[in-house]
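Peer 1: Show me the folded form of this:
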Amino acid sequence: MKLLAFVIVAATALISHAQDISANPKVGNMVKLDLEVTAADGKKATAVMTVELKQYDAAGKKWLQARTLELPGKPADTQQGWVPEENLLNDADIQAILTDCVKDGGKLEKVTVPAGTFDSCASSFDEEDAVGTVWFAKSVWGIVKQDITEKASKVRTTMALKAQRAGQ
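Peer 2: Okay, here's the model as predicted:
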């Protein structure tokens, strides 16, 4: 598999294992994520993914989300799609995760990513198709770091919050 296609597939998988953007959904919420994908053979690729909430459909209770993937030396690729409201974390969800972190098997820790240092709940998981850790924190997205390995392909994808902007 070409590394470029590999990055796109891995970035999509990474996002699918997490909640969609926004811990307090508002039009204009935006995050930039540094991604690194490591193939089973050790080859690495990096990318930056920007995710932004563009519009809210109150009748359908869904958000229009734009995702832009930037690969070194390649034109940016932007895709949009509707995300059901229930797929988004809200401030109460994040507070509950942080409050119940240790009780639910997580670990309270400070985590530093390019966007800053956050008090977080590191929550590890082992699902049928992937294993990894997600760091939840009070932020625009609710997730500031992820480290996920797909079991079948042995592809490891890491994500760190690079920048964020709260919408209005």
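
Peer 1: from here on, contacts and neighbour counts on C-alpha atoms
Peer 2: Will do.

Peer 1: Which strand in this structure has the most residues?
Peer 2: Ordering each strand of the chain by length in residues (DSSP state E) puts strand 44-57 first.

Peer 1: Show me what counts as buried in that one.
Peer 2: With burial defined by 16 or more other C-alpha atoms under 10 Å, the residues of strand 44-57 counted as buried are 44-54, 56.

Peer 1: With stretch 75-91 instead?
Peer 2: Residues 82-83, 85, 88-91 are the ones in stretch 75-91 that count as buried (16+ other C-alpha under 10 Å).

Peer 1: Let me see the mean pLDDT of it.
Peer 2: Average pLDDT, stretch 75-91: 90.

Peer 1: check which helix or strand covers the residue of the chain most remote from its centre.
Peer 2: Distance to the chain centre peaks in the chain at Ala59, reaching 26.4 Å (criterion: C-alpha atoms, centre = their mean). Following DSSP states H and E, there is no helix or strand that holds Ala59.

Peer 1: same thing with Ser123?
Peer 2: In the assignment (DSSP H and E), Ser123 maps to strand 116-126.

Peer 1: elements contacting that strand?
Peer 2: Contacting strand 116-126 under the criterion 3 or more C-alpha pairs under 8 Å, 6 or more residues apart in numbering; DSSP states H and E are the following elements: helix 91-99, strand 107-113, strand 130-137.

Peer 1: the inter-axis angle of the first one versus strand 116-126?
Peer 2: If I follow you right, that is helix 91-99. With axes from the mean of the first three to the mean of the last three C-alpha atoms, to 10 degrees applied, the angle from helix 91-99 to strand 116-126 works out at 80 degrees.

Peer 1: re earlier: pull the CA atoms of whichever helix or strand comes after the longest strand of the chain into CSV?
Peer 2: Per DSSP H and E, strand 44-57 leads on to strand 62-70 as the next helix or strand towards the C-terminus. Extracted in CSV, the C-alpha atoms of strand 62-70 (Å, rounded to 0.1, in the frame of the first residue of the first chain):
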residue,chain,number,x,y,z
LYS,A,62,-26.8,17.3,13.2
TRP,A,63,-23.7,19.3,12.5
LEU,A,64,-21.9,19.8,9.1
GLN,A,65,-18.3,19.0,9.7
ALA,A,66,-15.4,19.8,7.4
ARG,A,67,-12.2,17.7,7.6
THR,A,68,-9.1,18.8,5.7
LEU,A,69,-6.1,16.5,5.5
GLU,A,70,-2.7,18.1,4.6
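
Peer 1: No further queries at this time; thank you.
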